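> pasting the structure only:
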């Protein structure tokens, strides 16, 4: 049984690595990383959001969020505007360049999804989707590790316990 679990993990990890590599190649060519894309995707989906909204969504501390937003603004992906109803409130929006990047990444993911549908067929894709949902649900119920906590660098770190 243990061999099967390792095999499932290995296969899922390799699939995720392959897909992530395709996305990362595009992002890196535009001076972005995965975190930057997550910011852009959130702002794109919630245009006119506040910095605090992004902070809650990406679960990073305010200083790290502000640094990333500043960098994205300097690269021309994000713009800030004052709220029309309250000028003290700063709202975030994607620029045309930010929209182009998020659109291109969605297209990369869609192309991969379309290719998998061609390779596997609709029935196998539906079965795979259901299995992945069940795996995700089972994983959500695991209690093996405590939830990661943000640290001074804005990243989430989990201490891995050695198994004896």
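It's in. Please read these numbers as outputs of a predicted model, since none were measured by experiment. Numbering: from 1, shown residues only.
> Which residue would you name as the spatial centre of the protein?
residue 38 (4.5 Å; C-alpha atoms, centre = their mean).
> which phi and psi does that one have?
Per-residue torsions, residue 38: phi -60, psi -40 (degrees, to the nearest 10).
> now do the one 10 residues further on
Residue 48 adopts backbone torsions of phi 90, psi 20, taken as degrees, to the nearest 10.
> With residue 84 instead?
The phi/psi pair for residue 84 (degrees, to the nearest 10) is phi -70, psi -30.
> State the distance from it to residue 48.
According to C-beta to C-beta, to the nearest Å, residue 84 and residue 48 sit 10 Å apart. All C-beta spots, glycine's among them, are computed from the backbone N, C-alpha and C.
> which element is residue 134 on?
helix 122-140 (DSSP states H and E).
> just to revisit the earlier point, what sits against the closest residue to the residue nearest to the centre of the chain other than its chain neighbours?
Excluding the flanking residues, the one nearest residue 38 by C-beta to C-beta, 6 or more residues apart in numbering is residue 58, at 5.8 Å. Contacts of residue 58 were listed using C-beta atoms under 8 Å, 6 or more residues apart in numbering, and they are 35, 38, 39, 42, 65.
> Buried by neighbour count, from those: which ones?
35, 39, 42, 65 (16 or more other C-beta atoms under 10 Å).
> This protein: strands as residue ranges?
Taking DSSP state E, the strands of the chain run over residues 78-82, 90-94, 149-150, 156-157.
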